[in-house]
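Chemist: Starting from these lines, generate the structure:
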Amino acid sequence: MLEYNTAVEVMFQGTNFGGGVEHPMHLHGYNFYVVGSGLGNYNRFRDPATYNLVDPPLMENIAVAKNGWTAIRFKANNPGVWYMHCHFERHLSWGMAMVFIVKDGELPGEKMLPPPPDMPRCGGEASSPPLVLGDPHTTAGKGEDAE
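Modeler: Numbering: from 1, shown residues only. Okay, here's the model as predicted:
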């Protein structure tokens, strides 16, 4: 959960005990600055001194180097719920994803927009029948043709 306009730094660490792979990471709802990267394990005392804070590249995706690290920064100025994940399907199933919840700001232009009026509602459209809860082995509530 992030307060509106918070400066956020995320460190992706891609080292492991096996062979390793690059990880294509993506954050929905934002572009971010890639302020640093390197091989091996990130060192919080040494590595920030090597950051590019003058003209870092602005990216939508980043490939975290095999057995390396990448540091990104962004300002949490887009209220909403934003998914950050690795683009490898298998890695998603392993939990290589998370969500940032960015709170509303104070001004009218700093608030999450309401859903559009024509947005389908869960269970409210013919293409999305209502969910029926209960014991699937009973016939209660299944109509006259149930045995």
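Chemist: Report the contact partners of M11.
Modeler: Contact analysis of M11 by Cβ atoms under 8 Å, 6 or more residues apart in numbering lists Y42, W69, T70, A71. To be clear about C-beta, it is placed using only N, CA and C from the backbone, and glycine gets the same treatment.
Chemist: Residues contacting stretch 32-49, please?
Modeler: Against stretch 32-49 from outside (Cβ under 8 Å, 6+ apart): 9-11, 13, 15, 50-53, 56-60, 62, 64-65, 67-74.
Chemist: still on that earlier bit, find the pair from the contacts of M11 with maximum spatial separation.
Modeler: Y42 and T70 (9.0 Å; Cβ to Cβ).
Chemist: quick one, which of the two is more surrounded?
Modeler: T70 (22 against 19; other Cβ atoms under 10 Å).
Chemist: What segments of the protein are strands?
Modeler: 6-13, 23-27, 32-39, 58-59, 61-64, 68-76, 80-86, 97-102 (DSSP state E).
Chemist: Relative to P120, which of those strands is closest?
Modeler: strand 80-86 (18.2 Å).
Chemist: who's in contact with the helix or strand bottoming out on mean pLDDT in the chain?
Modeler: Between all helices and strands in the chain, the lowest mean by mean pLDDT, DSSP states H and E belongs to helix 89-93, at a mean of 73. With contact meaning Cβ under 8 Å, 6+ apart, helix 89-93 is reached by H23, H85, C86.
Chemist: Looks like the second one contacts M96 (just checking).
Modeler: Yes: taking contacts as Cβ atoms under 8 Å, H85 lies within contact range of M96: 6.6 Å.
Chemist: shared neighbours of those two, anything?
Modeler: Between them, H85 and M96 share no contacting residue, judged by Cβ under 8 Å, 6+ apart.
Chemist: So what would you say the end-to-end distance of stretch 34-54 is?
Modeler: 11 Å (Cα to Cα, to the nearest Å).
Chemist: Can you list the buried residues in it?
Modeler: V34, V35, G36, S37, Y42, D47, Y51 (16 or more other Cβ atoms under 10 Å).
Chemist: ok, the nearest residue to P24 once chain neighbours are set aside - contacts?
Modeler: In space, not counting the residues next to it along the chain, P24 is nearest to H87; the distance is 4.2 Å by Cβ to Cβ, 6 or more residues apart in numbering. With contact set as Cβ under 8 Å, 6+ apart, H87 has these partners: P24, M25, H26, N61.
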